[in-house]
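**Student:** Generate coordinates for the sequence data below:
(chains A and B, ligands or ions: 1)
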Amino acid sequence: MIKALILLSAGRHPVSGRARCARLDALALEMALSLAPPAQVMAVHAGDPGNPALRGYLGMGLTHLTVLDLPEGHDPVPSLIEHVRAEAPDIVFAGNQAEIGEGSGTVPYLIAEATGASVARDVIAVELLKDGLHVRQALPKGLRQETARAFPAILCVAPQAPPARQQSFARAREGEIVTRETAQTPERFLPGCTLRPYKPRSALNIPSGSAMDRLRAATEVRAGEERVLIDPQPDKAAEEIIQYLTAKGVLRKPRQ
Amino acid sequence: MSVRRDPRGERDARKIESRSGLPRFTIAPVEAGTSRRRIDPRAARDARRVSSHGRPRFGLVTALNPGKIADPVSSEARARPIRIVETPDFLVLAVPDRSFGASDADTQAVINAAHRLCAGSNGAVCVLSEPGDPDYGAVGADRVLQLPLERTTAASISRLIDQFPIRHVVFAESPEGADLARQTAARTGTRLFAAAERISEGQASRRCDGGKMELTAELPLVVSILPHIFRGEAKEAGEARPITVDPALQGAETPLARPRLLEADPSALSLSEAEFILSAGDGVTDWEGFSTLGDLLGAALGGSRNVCDAGHLPRDRQIGASGTIVTAKCYLALGISGAPQHLQGISDVQHVVAVNTDLHSAMIKRADLSIIADAQEVIPALIDRLKREEGRDD
Ligand SMILES: Cc1cc2nc3c(=O)[nH]c(=O)nc-3n(C[C@H](O)[C@H](O)[C@H](O)COP(=O)(O)OP(=O)(O)OC[C@H]3O[C@@H](n4cnc5c(N)ncnc54)[C@H](O)[C@@H]3O)c2cc1C
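**Tutor:** Got it, this is the predicted structure:
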């Protein structure tokens, strides 16, 4: 039976601010639980064992959740690496990035570097093969791609993955949180950073400079190639448009 | 053009000499034709009239009013200064975006961000090129490093960091760039500064804590940037001087297998993700045909604000400053006038095709291919032709 380990982080509701399952981690857990054939699924969290967010994962059908006990302000990576080495799973699941904290999505890569696994980001589906897996990844513009990976592999799940199952309150209460002692490494990077509330900037590319520059950028028309057909026959117009689209490679089927 | 009476001219013609210095005029009839010809504003206006149905429309330029038209200067013809960095103190390595569907603008954004990292000091931007890449001088590269590999790997980048005085490595936060940046940071044992949104004076900011907070820190070795924020043309061209890499120092590990691309369903896409958009404005009345055409072309549907206000399309299909800002490769606009608010939404689109009855609309100016015709006639013609060709394919 294939061993899958899932890295779970705590999340926070974006509006109410309440502790909850991190959305991407819940999607990753869903993917691990619905592997076919079923795998042995283990889960680990590095942080506070009393965090109410962790119960949500148990409610999705996990029986055990290992928590590496770390106080706030400590680096979870060394503890996680040690745990992954000890368990030696075939697949490690994680979210693309965490919902709270720095959220740069580097933890899986640090684990991969230490354990010799390969990483795939933006995963939306996996298919188990005899000696490896097929991974389906989401790309921008709605495109998808498929790659083959050997074991051990680390998969980071994208928001486009299939939705997570409902949480059961009874299961959330029954599930067991197993606390483990772990080496404590203080976090060194974050204390040196300044934090302030994020102010959204306009998605429009407004240049700095005088009011005149800004007005010009807002109202100026970028001129095109300017091939103009005046009052063509409709069929001629259609032919021209299709030719143009084909030449630019936007029509999916090349048409002759 | 009719000759109008010019009262001042006529008066001047009747002027006679006076000894007192006061103006004197004769009452004898003077010859016609001595009066100055004046421009008749009404006639001039009529000459500028552009044939249109309904509301009168006027062009700006006629023989009477030639206007001032500057020679359009293409960006190539404008001579740009070439920056030369003779002996840089350090290099900033810019790794071009090679994700599927990445445009030159994304690579340009990486180079622009790399220049921000050099600002104020004697650094040079060095682009990591692969065989078959274009010339990076025009986009602002001071140096070009050509790897003797078919594909860039984290291991090869980390060996370059050991060999050359590289202070920062910049990636695009795109599918492939994000992956390579994280691998490189893990390989070199440094902290990644991911998805930087602002860079100034060695400091950078990014969103964190689920997007609610902004984190600012000193820049580490490996940085990835959000490409859309650093877009824009290069201010100066670079000399793109090649740097040789000793092949003996470059290992030859085999990169992971190349992924296989799968087809996407355009109708399920949000507008900001779509690659090809068919868009309608007030000039469209044949909505049945419009949606059939969208299916046949495999395009996502969008519209101007007027169309969404009228309820012909849902609000999330509105394109423009107060709707969605799209980054499609191609935009087919039917009956859209091209208001500034609408054009702002398509400023990043590469190819625009417009169908409009009005030759003078702003959309036609923006378009690469313009058809001056009734959209209601072009839509069925396009449908016909696409159906015929589909039949031929089967
Ligand atoms: C604060 C603010 C924000 C706005 N934000 C947006 C926004 O986000 N997006 C947006 O789109 N607008 C926005 N607008 C509205 C914008 O100013 C224009 O009013 C709107 O874009 C015009 O839409 P239109 O081109 O469909 O209509 P019109 O301006 O009425 O143009 C119709 C065009 O169709 C042509 N036409 C007519 N009949 C035919 C035919 N049979 N065949 C072919 N062509 C034909 C006409 O020549 C004309 O060019 C905003 C306005 C304001 C004030």
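
**Student:** how deep is residue 217 tucked in, by neighbour count?
**Tutor:** I went with chain A, as the question did not name one. Here the number of neighbours of A:Ala217 (other CB atoms under 10 Å in any protein chain shown) works out to 15. Heads up, the C-betas are built off the backbone N, CA and C, glycines and all.

**Student:** Let me rephrase: I mean chain B.
**Tutor:** Residues lying near B:Ala217 (other CB under 10 Å) number 19.

**Student:** so what are the domain limits for the chain?
**Tutor:** Went with chain A since none was named. Chain A resolves into domains spanning A:3-192, A:211-247 when parsed by automatic domain parsing.

**Student:** Wait, chain B was what I had in mind.
**Tutor:** Taken from automatic domain parsing, chain B resolves into B:7-58, B:82-248, B:267-393.

**Student:** Any idea how many residues pack against A:Glu239?
**Tutor:** Residues contacting A:Glu239 under the criterion other CB under 10 Å number 15.

**Student:** mind checking the SS state of the residue nearest to it when sequence neighbours are not counted?
**Tutor:** The spatially closest residue to A:Glu239, leaving aside those adjacent along the chain, is B:Arg385, at 6.6 Å (CB to CB, 6 or more residues apart in numbering or on different chains). Under DSSP: H, G, I helix; E, B strand; the rest coil, the three-state class of B:Arg385 is helix.

**Student:** shaky segments in the chain?
**Tutor:** No chain in the question, so chain A it is. Across chain A, the ranges flagged by pLDDT under 70 are A:202-207, A:218-225, A:252-256.

**Student:** my bad, chain B
**Tutor:** Applying pLDDT under 70 to chain B flags residues B:1-4, B:31-39, B:51-52, B:60-80, B:101, B:248-256, B:263-268, B:392-394.

**Student:** Quick one: name the residues of it near the ligand.
**Tutor:** Chain B has residues B:281-283, B:304-307, B:318-323, B:335-337, B:339, B:341-342, B:345, B:355-358, B:361, B:374-376 near the ligand, with proximity defined as CB under 6 Å from any ligand atom.

**Student:** show me what contacts the residue nearest to A:Glu239?
**Tutor:** For B:Arg385, the contact set (CB atoms under 8 Å, 6 or more residues apart in numbering or on different chains) comprises A:Asp235, A:Ala238, A:Glu239, A:Ile242.

**Student:** From those, list the buried ones, please.
**Tutor:** Among the contacts of B:Arg385, those classed as buried by 16 or more other CB atoms under 10 Å in any protein chain shown are A:Ala238, A:Ile242.

**Student:** Tell me which stretches of the stretch 51-200 of chain B form strands.
**Tutor:** For the stretch 51-200 of chain B, the strands defined by DSSP state E, counting those that start in this stretch cover B:57-58, B:82-83, B:90-94, B:123-129, B:143-146, B:166-172, B:192-196, B:198-200.

**Student:** now the angle from the helix or strand that the last one is followed by to strand B:166-172?
**Tutor:** I take that to be strand B:198-200. Past strand B:198-200, heading to the C-terminal end, the next element that is a helix or strand (DSSP states H and E) is strand B:203-208. On the basis of axes from the mean of the first three to the mean of the last three CA atoms, to 10 degrees, strand B:203-208 is oriented at 40 degrees to strand B:166-172.

**Student:** Strand B:203-208 close to chain A?
**Tutor:** Yes: judged by CB under 8 Å from any CB of the partner chain, strand B:203-208 comes into contact with chain A at B:Arg206, B:Arg207, B:Cys208.

**Student:** swap in stretch B:89-100?
**Tutor:** Yes: Stretch B:89-100 lies within reach of chain A by CB under 8 Å from any CB, at B:Ser99, B:Phe100.

**Student:** coming back round to it: is it possible to get JSON lines of the domains of chain B that adds distance to A:Leu110?
**Tutor:** Below are the domains of chain B laid out as JSON lines (distance: least, CB to CB, whole Å):
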{"stretch": "domain B:7-58", "distance to A:Leu110": "65"}
{"stretch": "domain B:82-248", "distance to A:Leu110": "5"}
{"stretch": "domain B:267-393", "distance to A:Leu110": "30"}
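
**Student:** was I right about B:Ser99 contacting B:Gly177?
**Tutor:** Yes: shown here, B:Ser99 and B:Gly177 form a contact pair, counting by CB atoms under 8 Å, at 6.4 Å.

**Student:** So for these two, which sits in the more crowded spot?
**Tutor:** Neighbours were counted for B:Ser99 and for B:Gly177 using other CB under 10 Å; B:Gly177 has more, 24 against 17.

**Student:** what's the closest residue to that one other than its chain neighbours in contact with, if anything?
**Tutor:** Spatial nearest neighbour of B:Gly177, chain neighbours left out: B:Phe171 (4.2 Å); criterion: CB to CB, 6+ apart. Applying CB under 8 Å, 6+ apart, one finds that B:Phe171 lies in contact with B:Val95, B:Asp97, B:Val110, B:Gly177, B:Ala178, B:Leu180, B:Ala181, B:Thr184, B:Val222, B:Val223, B:Ser224, B:Ile225.

**Student:** Show me which pair in these is furthest apart.
**Tutor:** The most widely separated members of the contacts of B:Phe171 are B:Asp97 and B:Val222, with 15.3 Å between them, by CB to CB.

**Student:** and these two? which has more neighbours close in?
**Tutor:** More crowded of B:Asp97 and B:Val222, by other CB under 10 Å: B:Val222, with 30 against 24.

**Student:** can you give me the helices in the stretch 151-300 of chain B?
**Tutor:** Taking DSSP state H, counting those that start in this stretch as the criterion, the stretch 151-300 of chain B carries its helices at B:154-163, B:175-188, B:287-297.

**Student:** Just tell me which of those ends up closest to A:Val250.
**Tutor:** Nearest of those to A:Val250, taken as CB to CB: helix B:287-297 at 8.3 Å.

**Student:** Could you list the buried residues of the closest one?
**Tutor:** By 16+ other CB under 10 Å, the buried positions in helix B:287-297 come out as B:Gly289, B:Phe290, B:Thr292, B:Leu293, B:Gly294, B:Leu296, B:Leu297.

**Student:** Could you dump the residues you listed into CSV and include distance to B:Arg231?
**Tutor:** Putting the buried residues of helix B:287-297 into CSV (distance: CB to CB, whole Å) gives the following:
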residue, distance to B:Arg231
B:Gly289, 36
B:Phe290, 31
B:Thr292, 35
B:Leu293, 31
B:Gly294, 28
B:Leu296, 33
B:Leu297, 27
